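Novice: here is my input; please provide its structure:
(one chain, ligands or ions: 1)
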Amino acid sequence: MDFSTKWGKGQSVKIFRKLYIRPIVDSRSTAKRIANEHHLANVDVCCVCRPLVVSSYSSDGMDLTLQSLDVIQSMGYTQMTPVQASTIPLFMKHRDVVVEAVTGSGKTLAFVIPILERLIRRETRLQHDEIGAIVPTEDSTPFPPPLLLVSSEQSSPAEDIKRFLSTGAEIVVGTPGRIEEFLLGKGREVVNVKSLEVLVLDEADR
Ligand SMILES: Nc1ncnc2c1ncn2[C@@H]1O[C@H](COP(=O)(O)OP(=O)(O)OP(=O)(O)O)[C@@H](O)[C@H]1O
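Specialist: Numbering: from 1, shown residues only. Modelled structure (predicted):
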């Protein structure tokens with residue numbers, strides 16, 4: 001498999017078996033600009049693109065567990081959107097990705113699915129290369145991860161920390177300032193930043 005996203009000049013690029021994407025890159029591209037401005041080495045940059053072949057979530061190489069596929073199916077989705085097809089394989093390879101795609105293109109699930117997958121694998125103690133060994137039973141339905149919302153409308157930083165200590169949290173969602181305060185401010189004494197596995201900066205161009 002070739003997950004290369006090095007763009008040619010308007011040529012289609014093979015990124016995933018039958019999936020070819022034709023880049024539409026221009027010099028104003030936000031994703032490219034963010035990566036360049038911050039000298040992000042080893043980061044995959046996915047700009048607006050469209051696949052020539054639409055893939056399903058269960059395509060070869062996606063490596064999603066049956067539990068994840070069940071969740072996606074229960075939402076009624078069968079085919080990945082182009083941005084999901086372009087980025088989920090990269091996230092599954094633990095790559096750092098900067099992505100730009102039009103509004104409503106399905107970016108949220110593009111990063112939520114790999115996070116969900118990570119949590120499910122942790123619950124089932126699966127390693128990346130052990131995917132073939134999974135045999136889900138009724139008992140192995142994923143445990144819903146505790147989610148903590150930190151926002152100035154909902155709570156104070158001290159309350160965030162109190163809730164974190166009482167309930168725990170696998171996923172923390174908040175505005176950048178509040179997240180920074182939670183991780184590096186008052187929360188510093190109780191939250192181990194080194195244990196942070198995934199950081200998503202949504203709407204990073206705003
Ligand atoms: N594979 C799919 N098939 C059909 N609909 C989908 C799929 N994935 C996501 N959607 C739906 O498409 C809509 C837009 O998705 P989403 O909000 O993630 O877009 P977005 O790219 O994050 O937009 P924005 O830039 O405005 O945040 C949502 O209603 C979502 O549920």
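Novice: need the helices for this protein, in chain order.
Specialist: For the chain, helices defined by DSSP state H occupy the ranges 30-37, 66-74, 82-92, 107-123, 157-167, 176-184.
Novice: most packed of these?
Specialist: helix 82-92 (a mean of 24; mean count of other CB atoms under 10 Å). Placement of C-beta: from N, CA and C, glycine included.
Novice: this protein against the ligand: which residues are in contact?
Specialist: 77, 79-81, 101, 103-109 (CB under 6 Å from any ligand atom).
Novice: if you average pLDDT over each of the helices of the chain, which comes out lowest?
Specialist: In terms of mean pLDDT, the lowest-scoring of these is helix 30-37 (a mean of 66).
Novice: leaving out sequence neighbours, find the closest residue to L196.
Specialist: Distance criterion CB to CB, 6 or more residues apart in numbering; nearest residue to L196, sequence neighbours excluded, is L183 at 7.3 Å.
Novice: my read: that neighbour touches V191, true?
Specialist: Yes. Between L183 and V191 there is a contact under CB atoms under 8 Å: 5.7 Å.
Novice: coming back round to it: most neighbours of all the residues of the chain next to the ligand, which one?
Specialist: M80 (26 neighbours; other CB atoms under 10 Å).
Novice: next up, the contacts around it.
Specialist: 54-57, 59, 88, 106 (CB atoms under 8 Å, 6 or more residues apart in numbering).
Novice: now do the domain split for this protein, please.
Specialist: 20-121, 124-205 (the TED database).
Novice: out of the helices of the chain, which comes closest to L148?
Specialist: helix 157-167 (5.9 Å; CB to CB).
Novice: what angle do that closest one and helix 176-184 make?
Specialist: 60 degrees (axes from the mean of the first three to the mean of the last three CA atoms, to 10 degrees).
Novice: counting contacts, what elements does helix 157-167 pack onto?
Specialist: Applying 3 or more CB pairs under 8 Å, 6 or more residues apart in numbering; DSSP states H and E, one finds that helix 157-167 contacts strand 147-150, helix 176-184.
Novice: now those in a markdown table, with distance to Q73?
Specialist: As requested, the helices and strands packed on helix 157-167 are exported to a markdown table (distance: least, CB to CB, whole Å):
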| stretch | distance to Q73 |
| --- | --- |
| strand 147-150 | 22 |
| helix 176-184 | 32 |
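Novice: relative to F164, which of the ones you listed is closest?
Specialist: strand 147-150 (5.9 Å).
Novice: how close does the residue nearest to L196 get to the ligand?
Specialist: L183 is 23 Å from the ligand, where distance means CB to the nearest ligand atom, to the nearest Å.
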